[in-house]
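**Student:** with the input below, show me the fold.
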Amino acid sequence: MTVADPDMADAIRALDADGQAIVLLHYFAEWPDGRIGTHLGIPRSTVQFRRNAALRLLRDLLEGRCGQ
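**Tutor:** Sure thing, here's the model as predicted:
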């Protein structure tokens, strides 16, 4: 899967492996949480928790790079 925006790609690479997978599968492949959970072998609620944590980190990383 290719992320065209270089800042976004760098920020996603800064996530741990599960965070990367969850963000890519949810936002780019448009998989629902249940399917991601089944794929990763974790509960749907854990997918939601980890996605929210990953989004907070992405926001912090991107705001730092873009100076917002």
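
**Student:** any buried residues in the helix ranked longest in the chain, and which?
**Tutor:** Secondary structure of the chain per DSSP state H: the longest helix is helix 44-66. Buried positions in helix 44-66, judged by neighbour count with 16 or more other Cβ atoms under 10 Å: 46-47, 50-51, 54-55, 57-58, 61. Every C-beta, even on glycine, is put in place using the N, C-alpha and C of the backbone.

**Student:** repeat for stretch 19-35
**Tutor:** Buried residues in stretch 19-35 (16+ other Cβ under 10 Å): 19, 21-26, 31, 33.

**Student:** which strand or helix spans the most centrally placed residue in the chain?
**Tutor:** With distances taken as Cα atoms, centre = their mean, V23 lies nearest the centre of the chain, 2.3 Å away. Assigned by DSSP states H and E, V23 belongs to helix 17-23.

**Student:** could I have the CA atoms of that helix written out in PDB?
**Tutor:** The C-alpha trace of helix 17-23 is given here as PDB (Å, rounded to 0.1, in the frame of the first residue of the first chain):
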ATOM      1  CA  ALA A  17       3.600  -2.400  13.500                       C
ATOM      2  CA  ASP A  18       0.000  -2.800  14.800                       C
ATOM      3  CA  GLY A  19      -0.600   0.900  14.700                       C
ATOM      4  CA  GLN A  20       0.600   1.000  11.100                       C
ATOM      5  CA  ALA A  21      -1.600  -1.900  10.100                       C
ATOM      6  CA  ILE A  22      -4.700  -0.600  11.800                       C
ATOM      7  CA  VAL A  23      -4.300   2.900  10.300                       C
END
